[in-house]
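1. how would this look folded up:
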Amino acid sequence: MTTREVEHEITIAAPAPAVYRLLAEVTHWPRIFPPTIHVDRVEHDGSQERIRIWATANGEAKNWTSRRELDPEALRITFRQEVTAPPVAAMGGTWIIEPLGENESRVRLLHDYRAVDDDPHDLLWIDEAVDKNSRSELAALKKNVEFAHAAEEVTFSFEDTVYVDGSAKDVYAFINEANLWSERLPHVATVRLEEDTVGLQTLEMDTRAKDGSVHTTKSYRVTFPHQRIAYKQVTLPALMTLHTGHWTFQDTDQGVAATSQHTVTLNTDNIESILGCGATVADAREYVHTALSTNSRATLTHAKAFAENRR
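-> Alright, predicted model coming up:
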């Protein structure tokens with residue numbers, strides 16, 4: 001069997017321990033790494049953990065389960081895919097963070113992998129995917145760490161909740177069946193939903209704004225039946241450089257708590273061109289928050305009516 005070993009590296013203007021922490025906290029990866037859609041921490045026991053990752057590779061959405069061993073003393077994280085996605089037969093590697101000075105570090109990303117049946121064409125596909133994703137991950141890591149303080153002001157999260165006198169299963173069904181949103185939601189003009197892999201959706205839709213303009217967005221969604229739908233928007237409006245979120249459905253004493261959560265990073269370069277001369281970060285934050293909340297609340301209100309009518 002042919003095992004390929006490759007290495008990528010980058011120098012980052014940040015202390016090595018800070019870089020290590022960012023890599024260790026996998027739930028933040030969708031915000032840091034462009035290919036990553038969603039990460040779930042399945043198990044955690046001391047330095048050992050098991051994680052499930054949903055990400056794009058060469059434009060295709062894939063998911064896999066990995067085991068990681070965290071070594072904060074040596075600033076190393078080793079990983080091994082437990083359940084791989086074809087054409088990958090085996091995949092593993094190591095993150096190594098090396099201090100170059102008080103505020104500078106080198107990050108080395110090592111991979112070893114094999115293709116199913118040693119297929120040379122598939123191995124080439126993996127070569128390209130690993131190279132592309134590794135470069136993307138390292139560049140995003142560098143950017144995220146180096147601009148962490150600047151990003152704090154322009155990254156924010158919020159959520160909206162409605163309570164439903166119905167079942168979580170029915171509320172979930174309304175959000176899950178996005179292919180029907182153009183019939184069910186007034187602000188949605190057209191929808192294209194694909195689910196080639198069960199539980200992993202590609203959602204493209206055209207939505208109408210209050211001023212009548214139509215905006216096209218594309219998202220990848222990961223579904224956890226009747227409990228949660230996580231997503232990452234990959235075609236973004238001009239005022240955002242990041243938009244991730246999730247829908248959750250939880251039984252409470254007040255009924256089903258249906259919640260829409262958003263995490264957004266503003267694109268400060270476009271604030272004045274979109275909102276006018278003199279517009280501030282605060283203006284952009286309010287504008288984006290209002291726009292997303294308006295659509296979320298409209299969707300949740302229709303989901304509530306749908307679920308309560310099916311009681």
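2. how about low-confidence regions in the stretch 101-250 of the chain?
-> Low-confidence segments of the stretch 101-250 of the chain (pLDDT under 70): 148-150.
3. Break down it into its strands, ranges please.
-> Taking DSSP state E, counting those that start in this stretch as the test, the strands found in the stretch 101-250 of the chain are 104-115, 155-164, 188-197, 200-208, 214-224, 228-235, 240-252.
4. the inter-axis angle of the shortest one versus strand 200-208?
-> Our comparison of strand 228-235 with strand 200-208, counting by axes from the mean of the first three to the mean of the last three CA atoms, to 10 degrees, yields an angle of 60 degrees.
5. re the thing from before, could you redo the strands of the stretch 101-250 of the chain as TSV and give each row mean neighbour count and distance to Val83?
-> C-beta coordinates here come from the backbone N, C-alpha and C atoms, glycine included. As requested, the strands of the stretch 101-250 of the chain are exported to TSV (neighbours: other CB atoms under 10 Å; distance: least, CB to CB, whole Å):
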stretch	mean neighbour count	distance to Val83
strand 104-115	19	14
strand 155-164	16	30
strand 188-197	14	13
strand 200-208	18	14
strand 214-224	17	15
strand 228-235	19	19
strand 240-252	18	23
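6. Let's have those strands in a markdown table, adding distance to Arg80.
-> Formatted as a markdown table, the strands of the stretch 101-250 of the chain follow (distance: least, CB to CB, whole Å):
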| stretch | distance to Arg80 |
| --- | --- |
| strand 104-115 | 9 |
| strand 155-164 | 31 |
| strand 188-197 | 22 |
| strand 200-208 | 22 |
| strand 214-224 | 22 |
| strand 228-235 | 24 |
| strand 240-252 | 26 |
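7. Quick check: the nearest residue to Ala209 once chain neighbours are set aside vs Arg208, distance?
-> Using CB to CB, 6 or more residues apart in numbering and skipping the chain neighbours, the partner closest in space to Ala209 is His215 (6.4 Å). Relative to Arg208, His215 is positioned 8 Å away (CB to CB, to the nearest Å).
8. In which helix or strand does Arg21 reside?
-> Using DSSP states H and E, Arg21 falls within helix 16-24.
9. which of the residues in that helix are buried?
-> Across helix 16-24, burial judged by 16 or more other CB atoms under 10 Å covers Ala16, Val19, Tyr20, Leu22, Leu23, Ala24.
10. Check which helices and strands it is in contact with.
-> strand 76-83, strand 88-101, strand 104-115, helix 120-146 (3 or more CB pairs under 8 Å, 6 or more residues apart in numbering; DSSP states H and E).
11. let's go with 7 Å and repeat that
-> Helices and strands touching helix 16-24, by 3 or more CB pairs under 7 Å, 6 or more residues apart in numbering; DSSP states H and E, are strand 88-101, strand 104-115, helix 120-146.
12. contact partners of it?
-> Applying CB atoms under 7 Å, 6 or more residues apart in numbering, the contact partners of helix 16-24 are 12, 32, 70, 72, 75, 77, 95, 97-99, 105, 107, 141, 144-145.
13. Got a PyMOL select line for the buried ones in those?
-> Command for PyMOL, covering only those of those found buried under the criterion 16+ other CB under 10 Å:
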select buried, resi 12+32+70+75+77+95+97+105+107+141+144+145
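14. just curious, which of the contacts of helix 16-24 is nearest to Arg310?
-> Ile32 (39.8 Å; CB to CB).
15. hang on, isn't that closest one packed against Lys142?
-> No - distance between Ile32 and Lys142: 10.2 Å, which falls outside the contact criterion (CB atoms under 7 Å).
16. Would you quantify the distance from Asp269 to Leu242?
-> 14 Å.
17. and what of Thr280?
-> Distance, Thr280 to Leu242, by CB to CB: 19 Å.
18. cool, Thr202 as well?
-> Relative to Leu242, and taking CB to CB, Thr202 is found at 18 Å.
19. One more: Ala298?
-> 23 Å.
20. do the same with Glu5
-> On the measure of CB to CB, Glu5 and Leu242 end up 33 Å apart.
21. Backbone dihedrals for the closest residue to Asp119 other than its chain neighbours, please?
-> Leaving aside its sequence neighbours, Asp119 sits nearest to Pro87 (CB to CB, 6+ apart; 6.6 Å). Torsion angles at Pro87 (phi, psi; degrees, to the nearest 10) stand at phi -90, psi 10.
22. Show me what Thr259 is bridged to.
-> Note on Thr259: beta-bridge partners by DSSP bridges are Thr161, Thr248.
23. and it, what is it in contact with?
-> The neighbourhood of Thr259, defined by CB under 7 Å, 6+ apart, consists of Glu159, Asp160, Thr161, Thr248.
24. residues near Pro212, how many?
-> In this structure residue 212 is Gly, not Pro. Applying other CB atoms under 10 Å, we find 6 residues neighbouring Gly212.
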